[in-house]
Each structure stands twice: as C-alpha cells, then as structure tokens.
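In: Return atomic coordinates for the entry below.
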Amino acid sequence: MSMIQSAKRKSRWPRWARRGLMENIATAIIAIGFLMLLQPFALSLYTYSFITMLAGTVMFIIVSKFPV
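Out: Next comes the predicted model:
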C-alpha cells in the first residue's frame, strides 16, 4: 500500500477526538490556569490554578498520541 493510499484512508476516530482540536483545547486550559495564577482578585481561582494547569498538561500529553 502506498503512502498516498494510506493517507487517504479514513480514520476510525471521530472528528472531535483528533489531535488538532484537542491540542488546542488543552493549550487553552493551560492558558486559563496561567491566568488564574496571575490574577489578584479571587483566592479560590489562585488555589485551583495549579490543578487546572496540571490537567491541561496531562491532557496535552495524552492527546499528542492521537491520530492527526
């Protein structure tokens, strides 16, 4: 099977679970956690900022294994 034929094959993964979209969502979660860390107004946002950034980082690591 040539490279062109294998590239044209449809992936069994749903469109929403592909790498591009999910990596963007994970990056947005990391950015939200970073903004929560830097804001001076709410202590609860600051408290959960590390957990948010950690969840985004773990999501990015997992999603980077998904097909394109």
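In: Buried residues, the helix or strand harbouring residue 57. List them.
Out: Assigned by DSSP states H and E, residue 57 falls within helix 43-63. Neighbour-count burial for helix 43-63 flags 45, 49, 52, 53, 56, 59, 60, 63 (criterion: 16 or more other CB atoms under 10 Å). All C-beta spots, glycine's among them, are computed from the backbone N, C-alpha and C.
In: Out of those residues, the closest to residue 20 would be?
Out: Lowest distance from residue 20 to the buried residues of helix 43-63 (CB to CB) belongs to residue 63, with 9.5 Å.
In: how much space between the residue nearest the centre of the chain and residue 19?
Out: Most central in the chain under CA atoms, centre = their mean is residue 26, positioned 2.1 Å from the mean C-alpha point. Distance, residue 26 to residue 19, by CB to CB, to the nearest Å: 10 Å.
In: swap in residue 10?
Out: Taking CB to CB, one finds residue 10 at 15 Å from residue 19.
In: can you check residue 63 too?
Out: 6 Å.
In: Model confidence for residue 10, exactly?
Out: We have a pLDDT of 72 for residue 10.
In: Ramachandran angles for residue 11?
Out: phi -80, psi 150 (degrees, to the nearest 10).
In: contacting residues around it?
Out: 18, 67 (CB atoms under 8 Å, 6 or more residues apart in numbering).
In: can you check residue 30 too?
Out: So residue 30 contacts 52, 53, 56, 57, 60 (CB under 8 Å, 6+ apart).
In: Surely the first one and residue 35 touch.
Out: No - using CB atoms under 8 Å as the test, residue 52 is too far from residue 35 to be in contact (9.5 Å).
In: For residue 37, which non-adjacent residue is spatially closest?
Out: In space, and not counting its chain neighbours, residue 37 is closest to residue 49: 3.9 Å by CB to CB, 6 or more residues apart in numbering.
In: Correct me if wrong: that neighbour contacts residue 42.
Out: No - contact criterion CB under 8 Å: residue 49 and residue 42 do not qualify, at 10.3 Å.
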